[in-house]
Each structure stands twice: as C-alpha cells, then as structure tokens.
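Enquirer: I need the structure of the sequence given here:
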Amino acid sequence: MPKMGHLLLSVHIATFLTALPGNVLAFHALLRQVRRRHPTPADVLLLNLATSNLMFLLALLPFKLNEAAESDRLPCFPCTVASFLTCLAVCTGALFLAAVSVDRYLAVAFPLGYYVARRPRHAAMASVVLWAVSSLNLGVAYAIEWWINKGDGGDGAKKNNTTPVPLPPTTPRPSLTCYLNPNADQLGVLVRVRLEVFVVLFGLPLLVCCFCYVNVVLVWARLPNAGRRRRLRAVGQALGTLWVFALCLGPYGVCRVVGAVRQDDGSGWSEVALLAGSFNACLDLVVFYFSSAAVRSSLNSCFKRCLIRAAEAKPFITIR
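Expert: Numbering: from 1, shown residues only. Below is the predicted model of the structure:
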C-alpha cells in the first residue's frame with residue numbers, strides 16, 4: 001500500500017474513533033426525545049441526520065480496511081454496495097442539513113404560523129421523501145455504473161482483459177479501488193448522471209441553507225428583545241452548517257463537476273474528496289449541539305461525568 005494510502009487510512013480511522021462516540025450519543029439523545037409525547041420537527045430531522053452519519057462511518061471504515069489488507073480486489077457487488085451506502089449517507093446528510101435550515105427559517109420568520117402548524121409527522125413524511133429522493137438519484141447512477149462494469153466484462157482482471165498473476169513479495173500490489181475504466185460513450189452517460197446528482201443533492205441544498213440561515217441571522221439581529229445566548233446559538237448553527245458544506249460536502253460535490261468538465265471518471269481526486277467528506281460526521285456534532293436542547297444536555301452531562309471521574313481518579317503515590 002503506498003504512503004498516501006496509509007495516510008488516508010490513518011485519517012479515516014481517526015475520524016471514525018472521533019466521530020462515532022459523539023454521533024452515538026446524539027442518536028441516543030434524539031431517539032429518546034422523538035419517542036416522547038411531543039417531539040419537535042427538528043428532533044426528527046436531526047435523528048435522520050445522525051442516522052446518515054452512523055451509516056457513513058459503519059460503511060466506510062470496513063471498506064477502507066479491506067483495501068488496506070492488500071488482498072484480492074473486492075467483487076463488483078460488495079464494492080458497489082459499500083460505495084452506494086457511503087455516497088447515500090453523504091448526500092442524504094446534505095439534504096437533511098437543508099431541511100433543518102428550512103425548519104429554523106420557518107420558526108424564526110413565521111413564528112405564529114409555525115408553532116400552530118408544526119407536526120412531527122410532517123417531518124417524518126419529509127424524511128421519507130428525502131431518503132427516497134437520495135436513494136433514487138444514486139440508485140440510477142450506480143445502476144449505470146453496474147451496467148458499465150458488466151459491459152466491460154466484469155470486475156478485477158476481467159475488466160482489463162488480463163490474467164491475474166501472483167506478484168512477488170517485493171513487488172508493490174496495485175491500489176485497491178473500485179473505480180471503473182469506461183469507454184468514451186459510457187463515460188458520457190456516467191458524467192451526465194453524476195452531474196445531475198451534484199445539482200440535486202449538493203447544489204440545491206447549499207442554496208437552500210444559504211438563503212435560510214442568512215435570513216435567520218438577519219431576523220435575530222433585528223429583534224430588540226432577543227437574548228444574547230439565543231443570537232449566538234443561531235449564528236453558531238448557521239456557521240456550523242455552512243462550514244460543513246464548504247469543508248466537507250463541497251469537495252465531494254465539486255469533484256463531480258470537475259469530472260464533468262474534464263470528461264473523466266474523477267478517480268484521481270475522489271479519494272481525497274471522500275476524505276474531506278468523512279469530516280462531515282465530526283462537524284455535524286456542532287449542528288446537533290446548537291440545534292437540539294436534548295443533545296446539548298446529553299453532551300454537557302457526559303462531559304461533567306468525565307470531569308468528575310477524572311478528578312476522583314487520584315494517583316496513588318507511595319513514598320518509601
């Protein structure tokens with residue numbers, strides 16, 4: 001495995017170990033909140049966002065560990081499923097971030113109508129629609145990739161019309177990736193589908209988030225009786241969400257546009273873009289913290305318990 005591959009794997013493992021405990025805690029807090037009698041629509045949307053983060057973490061790391069093992073190349077079907085789940089989690093996370101921003105905008109800009117008409121079942125129905133839209137768009141893209149792979153004669157050595165030969169111990173093995181080598185006609189279809197996925201699952205959610213959070217900050221700034229803490233919470237939520245789009249989801253979506261412009265499959269930079277997308281699971285904790293009182297309470301209590309246990313664990317020093 002090349003040095004760059006070792007570096008990427010190390011970052012993926014560090015992201016997994018950092019993001020998994022926080023997302024599990026947020027998922028548990030939001031699930032308890034949703035199971036109560038009067039959950040809010042934001043709780044339902046944030047629960048789905050935490051679910052997409054956990055799916056991303058659990059689908060990505062085993063896939064990368066298999067690549068690091070430098071064993072045989074994954075068969076086509078497991079490779080496609082793992083890649084589909086990873087992309088589904090990233091794209092669905094972008095849609096739910098946009099849905100949370102719409103919920104916050106309606107609550108601030110139209111408070112009376114929002115509090116009269118809000119129902120948790122509306123958020124649940126919207127969640128089902130968002131999962132369906134993301135699954136259908138990515139399903140079409142991966143169905144085309146599957147068709148391309150079958151058209152090229154299968155996976156692994158069959159795609160390149162070569163016979164697998166055992167490598168000597170001193171010979172570096174090829175990079176274990178799942179990207180295809182489509183011909184010109186197939187690439188034209190694949191690039192157009194990926195560009196449509198970028199517009200629907202990245203471009204539109206980004207525009208919605210920018211519009212909603214800019215207006216949320218402006219409304220809070222105009223309210224004379226708004227508390228300083230509530231204003232800072234609104235600004236923190238807006239900056240956290242836009243930071244997630246810029247740092248994490250942006251590179252993952254831009255690589256699709258660059259691939260469409262350059263007319264290639266984007267395999268040269270998709271690994272780095274996926275690495276940036278993995279930080280999404282970490283930075284979403286900022287959105288959870290500023291958006292949900294249940295998550296704030298759980299994180300604060302967990303932090304206080306850790307401090308108490310650290311203070312109680314006094315070292316025993318024996319002087320002879």
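
Enquirer: what about this protein, any weak spots by pLDDT?
Expert: Low-confidence segments of the chain, defined by pLDDT under 70, are located at 1-5, 64-79, 145-190, 259-271, 314-320.

Enquirer: in it, which residue is most central in space?
Expert: residue 90 (3.3 Å; C-alpha atoms, centre = their mean).

Enquirer: the helices in this structure, which residues?
Expert: Remark: helices assigned in the chain by DSSP state H are 3-34, 41-68, 76-109, 111-117, 120-151, 184-198, 204-222, 228-244, 250-262, 270-278, 280-291, 293-312.

Enquirer: separation between the residue nearest to the centre of the chain and residue 240?
Expert: 17 Å (C-beta to C-beta, to the nearest Å). Every C-beta, even on glycine, is put in place using the N, C-alpha and C of the backbone.

Enquirer: for residue 42, same thing?
Expert: Look at residue 42 and residue 240: by C-beta to C-beta, they are 14 Å apart.

Enquirer: quick one on the thing from earlier: not counting residues beside it along the chain, what's closest to the residue nearest to the centre of the chain?
Expert: residue 277 (5.0 Å; C-beta to C-beta, 6 or more residues apart in numbering).

Enquirer: ok, the one you found to residue 251 distance?
Expert: Relative to residue 251, and taking C-beta to C-beta, residue 277 is found at 7 Å.

Enquirer: those two - which one has more neighbours?
Expert: More crowded of residue 277 and residue 251, by other C-beta atoms under 10 Å: residue 277, with 29 against 19.

Enquirer: residues contacting that one?
Expert: Applying C-beta atoms under 8 Å, 6 or more residues apart in numbering to residue 277 gives the contacts 90, 248, 249, 251, 252.

Enquirer: mind redoing it with 10 Å?
Expert: Residues in contact with residue 277 (C-beta atoms under 10 Å, 6 or more residues apart in numbering) are 15, 56, 60, 86-87, 89-91, 93-94, 244, 247-253, 255, 270.

Enquirer: could you measure from it over to residue 116?
Expert: 38 Å.

Enquirer: and if you look at residue 313?
Expert: Distance of residue 313 to residue 116, given as C-beta to C-beta: 51 Å.

Enquirer: skipping its backbone neighbours, what lies nearest residue 141 in space?
Expert: Leaving aside its sequence neighbours, residue 141 sits nearest to residue 193 (C-beta to C-beta, 6+ apart; 4.8 Å).

Enquirer: hang on, the one you found packs against residue 140?
Expert: Yes. Counting by C-beta atoms under 10 Å, residue 193 does reach residue 140; the two are 6.3 Å apart.
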